[in-house]
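J.: A predicted structure for the sequence below; I have some questions about it.
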Amino acid sequence: MEETQTKVTKMEQLTPIYYSVVALSGEQNHRCAYCQLHMKLHFAEPVLHVSQLATRDHVMARSHGGSDDWENLVAACHICNSLKETMDAYWFAKFIARLFTWTKYREQWHTLTESEQSRVRKALKRSYRRYQLQQQVRYQRAIVR
Ligand SMILES: [Zn+2]
C-alpha cells in the first residue's frame with residue numbers, strides 16, 4: 001500500500017508532456033519516429049547519453065500550423081528533435097535514417113565537436129533546400145501542362 005502511494009506521488013510529479021512521451025514511445029516500441037534507433041525514457045532506464053533520450057515532437061511544426069493533437073505527435077530522440085526544426089517529417093525521416101545508420105552519427109553525437117555537429121546541420125539544410133527546390137520545379141511543371 002505504501003509503495004502504491006509512493007508511486008502515485010512520483011507520477012503526480014511528472015508533467016503531462018512527459019506522460020505523452022512515455023505513451024508515444026511505447027506505441028513506437030521505443031524507436032525514434034525518424035531515425036528508428038532505440039530511445040530511452042529517463043525514468044525507466046539509466047540514460048547513457050542525452051542523444052538517446054525520448055522526446056515529444058510535432059510532425060507538422062507548430063510554427064507551420066501543426067496542432068498539439070495526438071495525431072500530430074510522435075516520440076523522437078533528442079538529436080532528431082533538435083535537427084528536424086520545421087522540415088517535412090517524411091523527408092526528414094528518410095534522410096536521417098540513412099545518415100544515422102551509415103555514419104552512426106547519433107551514437108557518436110556527444111563525441112562530435114561543435115563544428116562537426118554544425119557541418120551535419122548544414123548538410124541537412126542543404127539537402128532539404130534541394131528537395132524543396134525540386135518540389136517547386138515539379139509543381140511548376142504540373143501547372144504548365
Ligand atoms: Zn532519432
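T.: Looks like it arrived, so ask away.

J.: which parts of the lengthiest helix in the chain are buried?
T.: Scanning the chain for the helix with the most residues, using DSSP state H, yields helix 114-144. Residues of helix 114-144 classed as buried by neighbour count (16 or more other Cβ atoms under 10 Å): Q117, V120, L124, Y128, Y131. The C-beta positions use only the backbone N, C-alpha and C, and glycine is treated the same way.

J.: need those residues in TSV (columns: pLDDT and distance to the ion).
T.: Output for the buried residues of helix 114-144, formatted as TSV (pLDDT from 0 to 100; distance: Cβ to the ion, whole Å):
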residue	pLDDT	distance to the ion
Q117	92	15
V120	91	13
L124	94	13
Y128	96	16
Y131	95	19
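
J.: centre of the chain versus the host helix or strand of A76, how much separation?
T.: Secondary-structure assignment from DSSP states H and E places A76 in strand 73-77. Strand 73-77 has its average C-alpha position 5 Å from the chain's average C-alpha position, going by Cα atoms, centre = their mean, to the nearest Å.

J.: low-confidence ranges, this structure, go.
T.: 1-14, 43-48, 145 (pLDDT under 70).

J.: next one: phi and psi at T55?
T.: phi -130, psi 170 (degrees, to the nearest 10).

J.: count the residues that sit near the nearest residue to E107 once chain neighbours are set aside.
T.: Using Cβ to Cβ, 6 or more residues apart in numbering and skipping residues adjacent in sequence, the residue nearest E107 is S51, 7.3 Å away. S51: 21 surrounding residues under other Cβ atoms under 10 Å.
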